[in-house]
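> Could you look at this predicted model? Sequence included:
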Amino acid sequence: MKLVSMINFVYSLDDNSHTVLGDAFKYCLVREYANFLNQPLNLGMFVPAIEVEGKWEVLEEPICYGVGDEQYYGSRMDEYQQALDKVLFEGFELTKVDDLGYYDLRNEAAIIEVYNPLDAETEFLDILDNGLYKISDLIKYAPTLTAKGQELSGLNK
């Protein structure tokens, strides 16, 4: 399911059943979606990442290297899985472009240039005047929502 504009979301709810209970439910869904769209973006919404002491750390899926490594692997896998469960948009990868701190955050439909997304001193996605600050700013890219994104947005109801 793709991220949609608020207008398209409201139109998708119009099923011509105007009961008090139905209208109250629709109002709750609209409010839930509006709150979702208003959330500030962070790196963990795109790729498995955790914030450590104010800086983002992108997590790679851990690999178990053999006997004696199981406990470390298990704890790293738990941490990775928790971060992966918080990703809201499917298919994004973070790729370093140069040594100046420029990265591309890309999927099959969009390339978003970001500057120092791992640096606490820089506002996430505060780059190249692309105007991406909240989830609603991503609507033009129509990213696909993960199951968690659909749950938090209310689009799966």
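That came in fine, so what should we check first?

> Please make it C-alpha for all contacts and neighbour counts, starting now.
Will do.

> so what's F92 up against?
Residues in contact with F92 (Cα atoms under 8 Å, 6 or more residues apart in numbering) are 46-47, 105-107.

> and what of L3?
Neighbour list for L3: 138-139, 142-145 [criterion: Cα under 8 Å, 6+ apart].

> Which one of the residues you listed is nearest to I7?
Taking Cα to Cα as the measure, I7 lies nearest I139 of those, at 11.5 Å.

> With respect to E32, which of the contacts of L3 is nearest?
Using Cα to Cα, L145 is the member of those that lies nearest E32, at 15.5 Å.

> which residues of this protein fall in helices?
Using DSSP state H, the helices found in the chain span residues 6-13, 20-37, 70-85, 147-153.

> Would you mind measuring from F89 to L41?
If you measure F89 against L41 using Cα to Cα, to the nearest Å, the figure is 11 Å.

> More neighbours: which of those two?
Set side by side, F89 and L41 show more neighbours around F89, with 22 against 19, by other Cα atoms under 10 Å.

> for that one, which residues make a bridge with it?
Beta-bridge pairing of F89 under DSSP bridges involves L145.

> Would you mind confirming that it is in contact with F46?
Yes: shown here, F89 and F46 form a contact pair, counting by Cα atoms under 8 Å, at 5.4 Å.

> what about the chain, any weak spots by pLDDT?
Applying pLDDT under 70 to the chain picks out residues 15-21, 67-69, 101, 113-131.

> try 80 this time
Residue ranges of the chain with pLDDT under 80: 14-22, 53-56, 64-74, 96-104, 109-132, 157.

> any idea how far I135 is from the residue nearest to the spatial centre of it?
In the chain, the C-alpha nearest the mean C-alpha coordinate belongs to M45, at 2.4 Å (Cα atoms, centre = their mean). M45 sits 9 Å away from I135, going by Cα to Cα.

> Same question for L3.
9 Å.

> now do L37
L37 sits 5 Å away from I135, going by Cα to Cα.

> likewise R106?
With Cα to Cα as the criterion, R106 and I135 are 16 Å apart.
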